[in-house]
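[1] Only the shape, not the letters, is given here:
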DNA sequence: ATAATTAATACGAATGTTCGTTTTAATTTA
DNA sequence: TAAATTAAAACGAACATTCGTATTAATTAT
């Protein structure tokens, strides 16, 4: 009966920092900016986080966890292997449109600058999850029998590329319109061909 | 008869900064580090560059120019459309193995942190060059008739992804071994099918 | 009363940059 | 040839600023 009325301190910090670490960079956002931007005092910030670096780590963990949850939920509703791939694309594109800063932080922020020992995002939970799905499908013979690295690159490469172009503002329109053609291209390059089955209409 | 003997100041700075901006980040490399690392005095550095930011810009321009030159040369020796795609892959993979820091700087460095008004690398000269080639081939009917954005993502996405994985040290071995399988996957997803022509052996 | 938050101040370390000076090498003058 | 002059190149201590962080005492909320 309380938490709803006011945003928690951590939430405020999360929202402000996700936005601004992505937009102008970790090193260009000072603790004083965070204080002003959230309306919190510097003391309050340090009451919840022992250091600025810990904020960055908290953002990273929360962001990857959030993305993973969304992907899992989306994949959970999919029927069949192709549907799984499609649902991943749709979900990643949706997240890109609806939470661009979240995606930007997860994909882009050069963690080496300020989180030296964090895994590169490409091997963070969401991407590991997708990769393990693919590994299984190669074993089952759904995908062409290819190296997992190659398969993973052929599937995730185009998706991530579209997302990056959008986040860089090089694509002006909603990228969800690319979901189907990208999906079809990916299927062509990775799935075993089945004689009596058409992929596109 | 003189320039050969000593590395120019700009060359020294280029080499040190490409290495270290990529490795530990622009904001973690101070002017004092550059001074110590190159053996140049701080004064000398500022004699050649008006600011640290201008160094970053110089690196960016030089790196993209270098990569573009190499791609052009490699493409120039290719015969036929598929060969062009293959030569781009081979060249980008070669550069990744032989000049990883150069590639890392061009692909990765989050320019927003310190070069606010520079183009994202994905739209820098080398990538624009490749894209315009593809646009032409779509018009000529070599590629499937698809949106240039989609085609570009299907071609460049997997390539860049492999490169990134390698630069993140998530792939331990030389990525050149992936050149052919990646090439074959890309062809499948983008090239028009020609009935009496097999792509792989 | 305890915990949470604020506001203000202060700290030292690190930053990018400046600037007066020195070194070096080439050119000009004598 | 030797001395004088010049200008570019290199130097590095010092500067003002900003950073993350710490500390304080006062205030508010539970």
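    That came in fine, so what should we check first? Computed from a prediction, not measured in an experiment: that's the story for all the values here.
[2] and residue A:133, what is it in contact with?
    By C-beta atoms under 8 Å, 6 or more residues apart in numbering or on different chains, the contact list for residue A:133 reads A:75, A:84. In short, each C-beta sits where N, CA and C put it, glycine included.
[3] actually residue A:86, sorry about that
    By C-beta under 8 Å, 6+ apart, the neighbours of residue A:86 are A:78, A:179-180, A:183.
[4] Now tabulate those in JSON lines and tack on neighbour count, distance to residue B:52 and pLDDT.
    Output for these, formatted as JSON lines (neighbours: other C-beta atoms under 10 Å in any protein chain shown; distance: C-beta to C-beta, whole Å; pLDDT from 0 to 100):
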{"residue": "A:78", "neighbour count": "16", "distance to residue B:52": "49", "pLDDT": "93"}
{"residue": "A:179", "neighbour count": "19", "distance to residue B:52": "42", "pLDDT": "98"}
{"residue": "A:180", "neighbour count": "14", "distance to residue B:52": "46", "pLDDT": "97"}
{"residue": "A:183", "neighbour count": "23", "distance to residue B:52": "44", "pLDDT": "97"}
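[5] Could you tell me how many residues sit around residue A:47?
    By the criterion of other C-beta atoms under 10 Å in any protein chain shown, residue A:47 has 11 neighbours.
[6] Tell me the one among the contacts of residue A:86 nearest to DNA strand D.
    residue A:179 (38.3 Å; C-beta to the nearest atom of the strand).
[7] which of the contacts of residue A:86 sit farthest apart?
    Using C-beta to C-beta, the pair of the contacts of residue A:86 lying farthest apart is A:78 and A:180, separated by 14.8 Å.
[8] Just send the contacts of residue A:86 back as TSV, with secondary structure too.
    What follows is these, written out as TSV (DSSP: H, G, I helix; E, B strand; the rest coil):
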residue	secondary structure
A:78	coil
A:179	helix
A:180	helix
A:183	helix
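[9] check those residues against chain B, which are close?
    Residues of these in contact with chain B (C-beta under 8 Å from any C-beta of the partner chain): none.
[10] for DNA strand D, what are the nearby residues on chain A?
    For chain A, the contact set with DNA strand D under C-beta under 7 Å from any atom of the strand comprises A:2, A:27-32, A:42-43, A:46, A:50-53.
[11] that older thread, and the contacts of residue A:86, which is closest to residue A:164?
    Of the contacts of residue A:86, the one sitting nearest to residue A:164 (C-beta to C-beta) turns out to be residue A:179, at 15.6 Å.
[12] Which one of the residues of chain A next to DNA strand D sits in the busiest neighbourhood?
    residue A:29 leads the residues of chain A next to DNA strand D on contacts (other C-beta under 10 Å) with 21 neighbours.
[13] Give me the nearest residue to it, chain neighbours excluded.
    Distances taken as C-beta to C-beta, 6 or more residues apart in numbering or on different chains place residue A:20 nearest to residue A:29, at 4.8 Å, with adjacent residues excluded.
[14] what about the one you found, distance to chain B?
    11 Å (C-beta to the nearest C-beta, to the nearest Å).
[15] what's downstream of the helix or strand harbouring that residue, the next helix or strand?
    Following DSSP states H and E, one finds residue A:20 within helix A:9-24. Scanning forward in sequence from helix A:9-24 by DSSP H and E, the next helix or strand is helix A:31-38.
[16] show me where pLDDT drops low in chain A?
    A:1-7, A:110, A:112, A:120-123, A:194-201 (pLDDT under 70).
[17] just checking, what's the longest helix in it?
    Longest helix in chain A, counting residues (DSSP state H): helix A:52-76.
[18] Could you list the buried residues of that helix?
    Neighbour-count burial for helix A:52-76 flags A:52, A:55-60, A:62-64, A:67-68, A:70-71, A:74-75 (criterion: 16 or more other C-beta atoms under 10 Å in any protein chain shown).
[19] likewise stretch A:78-94?
    A:78, A:81-82, A:84-94.
[20] possible to save these as a markdown table with secondary structure and distance to DNA strand C?
    Shown next, in a markdown table, are the buried residues of stretch A:78-94 (DSSP: H, G, I helix; E, B strand; the rest coil; distance: C-beta to the nearest atom of the strand, whole Å):
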| residue | secondary structure | distance to DNA strand C |
| --- | --- | --- |
| A:78 | coil | 41 |
| A:81 | helix | 48 |
| A:82 | helix | 48 |
| A:84 | helix | 42 |
| A:85 | helix | 44 |
| A:86 | helix | 43 |
| A:87 | helix | 39 |
| A:88 | helix | 38 |
| A:89 | helix | 40 |
| A:90 | helix | 38 |
| A:91 | helix | 34 |
| A:92 | helix | 35 |
| A:93 | helix | 37 |
| A:94 | helix | 33 |
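[21] tell me the two of those residues that are most distant?
    A:81 and A:94 (20.5 Å).
[22] can you tell me which residues contact the closest residue in space to residue A:9 that isn't next to it in sequence?
    Leaving aside its chain neighbours, residue A:9 sits nearest to residue A:48 (5.4 Å; criterion: C-beta to C-beta, 6+ apart). Applying C-beta under 8 Å, 6+ apart, we find residue A:48 in contact with A:9-10, A:13.
[23] Please repeat the previous calculation with a cut-off of 10 Å.
    A:8-10, A:12-13, A:40, A:54-55, A:58 (C-beta atoms under 10 Å, 6 or more residues apart in numbering or on different chains).
[24] what do you get for residue A:136?
    Neighbour list for residue A:136: A:81, A:142-143 [criterion: C-beta under 10 Å, 6+ apart].
[25] what about the spatially most central residue of chain A, which SS state?
    Central residue of chain A (C-alpha atoms, centre = their mean): residue A:103, 4.7 Å from the mean position. Assigned with three-state DSSP, residue A:103 falls in the helix class.
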